[in-house]
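# Fold the stuff below for me.
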Amino acid sequence: MNPLFAAAGITVTGPLMGGNLLESTIAGSWYSGNPKELSRQISTWIARAELPAGMPEKTIAIIQPHAGYAYSGPTAAYGAKAVSGKQYKRVIILGPAHRVYLENRICIPSGADGMKTPLGALAMDKEAIQTLRNQKFVVADDRIVGTEHSVQIQLPFLQVALGNELRIVPIVVGRLDDRTAKTAAEALKRITDHETLVLISSDFTHFGENFDYTPFRTDIEENLRKLDLGAFECIRKKDPAAFGSYLRKTGATICGEAPIRILLYMLPETARVELLHYTTSSAESRDFSHCVSYVSGVVTGEWGGVPEESAAEDFLSAQEKRTLLSMARRAIEYVFEHRKAPRSDLFRAEATENMKKVAGCFVTLNIGDNLRGCIGEIEPFRELYQAVTARAVDSAFRDPRFPQLSPEELRRVTIEISALTPAKPVASWKDIVIGKHGMTITKNGRSAVFLPQVAPEQGWDLPETLTYLSRKAGLAEDAWKMPDAKFTVFEAIVFHEQK
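This is a model prediction of the structure:
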């Protein structure tokens, strides 16, 4: 039942009555802590909101303000009304970081089962969150997610508009360069399908001496409107480059600009962006010496989605992954201690049946964001744990691009393992799916390989990826376009150490 159409004051309870819940830290201050009052207030605002006539039925994303409800609640009601009563399996919430500094990082929950407001609890979509966990630009911390108001403020509106049965993916977004924003968008598209709503949490211009932003001193209300709607016009055109350029040119203090850029890189070509409501915190007081702008926007269309069969079957448990990472590290330590590679069955007593499956793998060593070694085998010919330990040693000591690893470097290294499915030939490069497939190119006796995570991490599309792959093989940059270029694809289960 949609609470919007229930009697005022009726609230719903969700599937999480216990568990590890992140309690609201803003209930009773940013919005009412009384369930009946909160539900009634939100329902009233939603009922008053008037949507444009002829708006398409399918809403795939909304842009919402995140100030206290007394200021931004009536504006947020427009986006809530656009999704009210509709069916979504998950909501991805992207809110900017206000309390911590995250440089080229986004933060996901680390273990919480859900988030709680006075209207009940919303469960985490743990499967989707786990899919994001292995990305290098992702950190996991319940404390960061649980105390960020830009995420928390959205939950009661979702609960009133959609109920408590949906699952959430709350994400706190730091300062992102364009490459990381593209990479984050590619990763999020992997968990975005026709049952997903993406919610971007952002206030618009923060004006006044307190914000160190006073680009004009007269006609402030009208100038603010022009400034904000100019930014939204770039969003409406789905042009992240123009949006970034506009912010640099004007200095417009839009706190959720990084989440907005991620959304713009996610949107399909057919998506349509529309402004639902615009106002400022000074619209009633008329005191524009200190002012914040609020926008509610809607995106309609269809997400491309990811077919269910697109992800490699993950046959390894979390504990098995930790054990394989430990084996890889201990294999490298063994070389330092004994001056020789460990025998292939050194860790057999620890190997589970899953770890004894014959599979190819790559082992990648990184120090910070810098590659320090990566060697693997695509064709499966030995048990996975044996391939992991052997290729860990090769990556540390036999990667021709780097000198041999030192003991001091090992202490700073993060190990990543990619367990591979068997490679299969494809008829054309057009059959390769970015984010799903690892790939090889073979031409004129030369070959090269990229793991599935390479293109999303670099923010490359398919032509860019194949251009770099050709170059890696020592071929001309356009060799991938030639009729005699052959391709194979494979998938990977990717996991790494937490540092």
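
# What mean pLDDT does the longest helix belonging to the chain get?
When the chain is parsed with DSSP state H, its longest helix is helix 318-338. On average, the pLDDT along helix 318-338 is 96.

# Repeat that for stretch 397-412.
96.

# what do you get for stretch 370-382?
On average, stretch 370-382 scores 92.

# do the same with stretch 466-481
What stretch 466-481 shows for mean pLDDT is 96.

# which parts of it are buried?
For stretch 466-481, the buried set under the neighbour-count rule, 16 or more other Cβ atoms under 10 Å, comprises 466-470, 473, 475, 479-480. (Glycine included, C-beta is placed from N, CA and C.)

# C-alpha coordinates for it, PDB please?
Output of stretch 466-481 as PDB, limited to C-alpha atoms (Å, rounded to 0.1, in the frame of the first residue of the first chain):
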ATOM      1  CA  LEU A 466      40.300  -1.900 -28.300                       C
ATOM      2  CA  THR A 467      42.600   0.900 -29.400                       C
ATOM      3  CA  TYR A 468      44.700   0.500 -26.300                       C
ATOM      4  CA  LEU A 469      44.500  -3.300 -26.500                       C
ATOM      5  CA  SER A 470      45.900  -3.100 -30.100                       C
ATOM      6  CA  ARG A 471      48.700  -0.800 -28.900                       C
ATOM      7  CA  LYS A 472      49.500  -3.200 -26.000                       C
ATOM      8  CA  ALA A 473      49.900  -6.000 -28.600                       C
ATOM      9  CA  GLY A 474      52.400  -3.900 -30.600                       C
ATOM     10  CA  LEU A 475      49.900  -3.400 -33.400                       C
ATOM     11  CA  ALA A 476      48.600  -0.300 -35.100                       C
ATOM     12  CA  GLU A 477      46.000   1.600 -33.100                       C
ATOM     13  CA  ASP A 478      43.300   0.700 -35.600                       C
ATOM     14  CA  ALA A 479      44.300  -3.000 -35.900                       C
ATOM     15  CA  TRP A 480      41.100  -4.100 -34.100                       C
ATOM     16  CA  LYS A 481      39.100  -2.900 -37.100                       C
END
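
# Tell me the gap between that stretch and the middle of its chain.
Between the centre of stretch 466-481 and the centre of its chain there are 29 Å (Cα atoms, centre = their mean, to the nearest Å).

# repeat for stretch 320-329
Using Cα atoms, centre = their mean, the offset of stretch 320-329 from its chain centre is 26 Å.

# buried residues in that stretch?
Within stretch 320-329, judged by 16+ other Cβ under 10 Å, the buried ones are 320-321, 323-325, 327-329.

# got the CA positions of that stretch in CSV?
The C-alpha trace of stretch 320-329 is given here as CSV (Å, rounded to 0.1, in the frame of the first residue of the first chain):
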residue,chain,number,x,y,z
GLU,A,320,37.7,-18.7,0.3
LYS,A,321,38.6,-15.4,-1.3
ARG,A,322,40.4,-14.2,1.9
THR,A,323,42.3,-17.6,2.0
LEU,A,324,43.4,-17.3,-1.7
LEU,A,325,44.6,-13.7,-1.0
SER,A,326,46.5,-15.0,2.0
MET,A,327,48.0,-17.8,-0.1
ALA,A,328,49.2,-15.3,-2.7
ARG,A,329,50.9,-13.1,-0.1
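
# which stretches of the stretch 251-400 of the chain form helices?
257-266, 318-338, 384-397 (DSSP state H, counting those that start in this stretch).

# right, so the ones you listed: which one is the most enclosed?
Stretch with highest mean neighbour count among these: helix 257-266 (a mean of 26; mean count of other Cβ atoms under 10 Å).

# Any chance of a markdown table for the helices of the stretch 251-400 of the chain, columns distance to Leu132?
Listed next are the helices of the stretch 251-400 of the chain as a markdown table, based on distance: least, Cβ to Cβ, whole Å:
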| stretch | distance to Leu132 |
| --- | --- |
| helix 257-266 | 12 |
| helix 318-338 | 15 |
| helix 384-397 | 23 |
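
# Against Pro259, how distant is Ile106?
9 Å (Cβ to Cβ, to the nearest Å).

# anything in contact with each of those two?
Both Ile106 and Pro259 are in contact with Val173, where contact means Cβ atoms under 8 Å, 6 or more residues apart in numbering.

# For the protein, which element, helix or strand, carries the lowest mean pLDDT?
Between all helices and strands in the chain, the lowest mean by mean pLDDT, DSSP states H and E belongs to helix 454-458, at a mean of 84.

# Tell me the helices and strands packed up against the helix or strand that that helix is followed by.
Next in sequence after helix 454-458, counting helices and strands by DSSP states H and E, comes helix 462-472. Counting by 3 or more Cβ pairs under 8 Å, 6 or more residues apart in numbering; DSSP states H and E, the packing neighbours recorded for helix 462-472 are strand 438-443, strand 446-450, helix 454-458.

# mind listing the strands for the stretch 101-250 of the chain?
With strands called from DSSP state E, counting those that start in this stretch, the stretch 101-250 of the chain shows them at 106-108, 114-117, 120-124, 138-140, 167-173, 196-201, 206-208.

# Indicate which one of the ones you listed is closest to Tyr334.
strand 138-140 (30.1 Å; Cβ to Cβ).

# re the thing from before, need the winner for burial among the helices and strands packed on helix 462-472.
strand 438-443 (a mean of 22).

# now for the strands of the stretch 101-250 of the chain, which one comes closest to Cys234?
Across these, closest to Cys234 is strand 196-201 (Cβ to Cβ), at 14.0 Å.

# average pLDDT across the closest one?
98.

# which strands and helices sit next to it?
Short answer (3+ Cβ pairs under 8 Å, 6+ apart): strand 196-201 packs on strand 59-64, strand 90-96, helix 257-266.

# Quick one: closest of those to Thr442.
Ranking these by proximity to Thr442 (Cβ to Cβ) places helix 257-266 first, at 31.5 Å.

# about what we covered before: got a markdown table for the strands of the stretch 101-250 of the chain, with mean neighbour count and distance to Tyr71 too?
Converted to a markdown table, the strands of the stretch 101-250 of the chain look like this (neighbours: other Cβ atoms under 10 Å; distance: least, Cβ to Cβ, whole Å):
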| stretch | mean neighbour count | distance to Tyr71 |
| --- | --- | --- |
| strand 106-108 | 24 | 26 |
| strand 114-117 | 24 | 18 |
| strand 120-124 | 23 | 24 |
| strand 138-140 | 17 | 30 |
| strand 167-173 | 26 | 21 |
| strand 196-201 | 26 | 14 |
| strand 206-208 | 21 | 12 |
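
# These: which one's closest to Gly146?
strand 114-117 (7.3 Å).

# how about the CA coordinates for that closest one, as PDB?
What follows is strand 114-117, C-alpha atoms only, in PDB (Å, rounded to 0.1, in the frame of the first residue of the first chain):
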ATOM      1  CA  GLY A 114      19.900  -1.400   6.800                       C
ATOM      2  CA  MET A 115      19.100   2.200   7.700                       C
ATOM      3  CA  LYS A 116      16.400   3.300  10.100                       C
ATOM      4  CA  THR A 117      14.200   6.400  10.400                       C
END
